[in-house]
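1. Make a model of this:
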Amino acid sequence: MNEPLTDVTDRRRQALGQWSGRALDRAAPVDLRTLAGDAGFRRYFRTGTTPPLIAVDSPPERTNPARFVAVADHLRRYGIHTPLVLAADVEHGFMLLEDLGDQLLYEQLDEDSVEGLYAEMLSELLCLQQIPPVGDLFPPYSRELLLTEMRILPEWLAEKLLGHTLTDADRQLLEKTFSLLLDSAAEQPRVLVHRDYHSRNLLLRDGERPGVVDFQDAVWGPVTYDLVSLLRDCYVRWPRESVERWALSYAAMAESVGILEGVAPETFLRWFDWMGLQRHIKVLGLFPRLYLRDGKRGYLPDLPLVIRYTLEVAGRYPQMEPFADWFRATLLPLAEQQDWYRDYRSAGDHRTPLNKQSR
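-> Predicted coordinates for the structure are as follows:
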């Protein structure tokens, strides 16, 4: 008989506290206070030490703590401020990390701050994309992997969350759409891709370079992937005109340092738009999977903004219009019946940073 999950996690938390105490040469276990985790299977705790540290429970059967340590070290060598790994037991999945603080980019963004903060984060991205590959540490963001990600939508959003049984015509339309997006991704220069470079994984640090977390799934892939992750963030939206201006400004910087060779603005924006569409199609399946499989309901209220991005971008390209029409006719009416749903057409409007909401 399997041990209840809560018993397993409680036991691992206790073991993590004991291991942390030994790693810090303390006589007693370290007091651990729960922090919000990421979308994976790792759990994070702030220690009651001075200075505070971050203790990580990274179950080795579900995660790869050794790779986390290796990627963190490699990025730090090139100036990216990932958390310093102070101690690690990769066999049992325990780590002690530098605490980068609580100032998430997400909490500081508003209409007044966004230009300066995004300039800082785009500069950091430029540094990240100039890091060279090393051995097989960063696997390719292959066509197969990108396709597997998009196929999460029909399984987890359409069928499992919304209860829609896909027809053969549905599947053919989706596979044709996916193929177009994959062809566009394949046209792009390849760089190091963080894979989740957005406002909840970037931390402000009082005049120092930003902290970068949730980097352990980094790959070698399309140049626009992290750019669109930041500028079409699943948790915050900015006007199209601003987003495109930022994207083209970044393209000019990337060209100046040799990441890009001369590319027409309309080509770059199509790469950017279609890469974002691939990512948002993935997220439309990922957030329901996090809820249905992993019990993480907190992502569902962010689905309307992802729907908005998806339909706005798809509706601007004739090749993508059949997909947009199918989504509106088939999935949107079912989504509108869900308790998490709100009108996607206004999702992401009226941005107020969290640090100002209670004032």
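2. what mean pLDDT does the top helix by length along the chain have?
-> Counting by DSSP state H, the longest helix found in the chain is helix 265-292. On average, the pLDDT along helix 265-292 is 98.
3. Now do the next helix-or-strand element following that helix against helix 265-292, angle only.
-> Next along the chain after helix 265-292, taking DSSP states H and E as the criterion, comes helix 303-314. With axes from the mean of the first three to the mean of the last three CA atoms, to 10 degrees as the basis, helix 303-314 and helix 265-292 are set at 150 degrees to each other.
4. what does helix 303-314 contact?
-> Residues from elsewhere that reach helix 303-314, judged by CB atoms under 8 Å, 6 or more residues apart in numbering: 232, 234-235, 237, 240, 273-274, 276-277, 280-281, 283-284, 287-288, 320-321, 323-324, 327-328, 332, 335, 340-345, 347-348. For glycine as for every other residue, the C-beta is placed from the backbone atoms N, C-alpha and C.
5. Quick check: what element follows it along the chain?
-> Assigned by DSSP H and E, the successor of helix 303-314 is helix 321-326.
6. So what touches that next one?
-> By CB under 8 Å, 6+ apart, helix 321-326 touches 170, 173-174, 176-177, 310-311, 314-315.
7. And the buried ones among those residues, selectable in PyMOL?
-> Command for PyMOL, covering only those of those found buried under the criterion 16 or more other CB atoms under 10 Å:
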select buried, resi 170+173+174+177+310+311+314
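8. Mind putting the contacts of helix 321-326 into a markdown table with distance to residue 158 and pLDDT?
-> Output for the contacts of helix 321-326, formatted as a markdown table (distance: CB to CB, whole Å; pLDDT from 0 to 100):
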| residue | distance to residue 158 | pLDDT |
| --- | --- | --- |
| 170 | 8 | 98 |
| 173 | 12 | 98 |
| 174 | 9 | 98 |
| 176 | 16 | 98 |
| 177 | 13 | 98 |
| 310 | 13 | 98 |
| 311 | 15 | 98 |
| 314 | 16 | 98 |
| 315 | 19 | 97 |
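9. nearest to residue 213, of the contacts of helix 321-326?
-> The closest of those to residue 213 turns out to be residue 310 (CB to CB; 26.2 Å).
10. quick one: the closest one from residue 285, how far?
-> 11 Å (CB to CB, to the nearest Å).
11. The spatially most central residue of the chain and residue 228: what is the separation?
-> Nearest to the geometric centre of the chain sits residue 196, at 2.7 Å (CA atoms, centre = their mean). Remark: distance between residue 196 and residue 228 (CB to CB) = 12 Å.
12. Kindly report the same for residue 194.
-> 12 Å.
13. anything in contact with each of the two?
-> Joint contacts of residue 194 and residue 228 (CB under 8 Å, 6+ apart) do not exist.
14. buried residues in stretch 31-51?
-> Quick answer for stretch 31-51 (16+ other CB under 10 Å): 32, 39-40, 42-47, 49.
15. Which of these fall in helices?
-> Going by DSSP H, the helices hold none of those.
16. The residues you listed: which two are farthest apart?
-> 39 and 49 (27.3 Å).
17. the domain parsing of this protein - what is it?
-> What automatic domain parsing lists as the domains of the chain is 5-98, 105-357.
18. quick one: contacts for residue 188?
-> So residue 188 contacts 222-224, 271, 275 (CB under 8 Å, 6+ apart).
19. isn't there a strand covering it?
-> No - using DSSP: H, G, I helix; E, B strand; the rest coil, the secondary structure at residue 188 is coil, not a strand.
20. Excluding chain neighbours, what is closest to residue 176?
-> In space, and not counting its chain neighbours, residue 176 is closest to residue 322: 7.9 Å by CB to CB, 6 or more residues apart in numbering.
21. neighbours around that neighbour, how many?
-> 13 (other CB atoms under 10 Å).
22. From residue 279, how far out is it?
-> 20 Å.
23. I'd guessed residue 236 sits against residue 302; true?
-> No - look at residue 236 against residue 302 with CB atoms under 8 Å: they stay out of range, at 9.9 Å.
24. between the two, who's got more neighbours?
-> Neighbours were counted for residue 236 and for residue 302 using other CB under 10 Å; residue 236 has more, 21 against 18.
25. Now do the contacts for the more buried one.
-> Contacts of residue 236 (CB under 8 Å, 6+ apart): 106, 109, 199, 348, 351.
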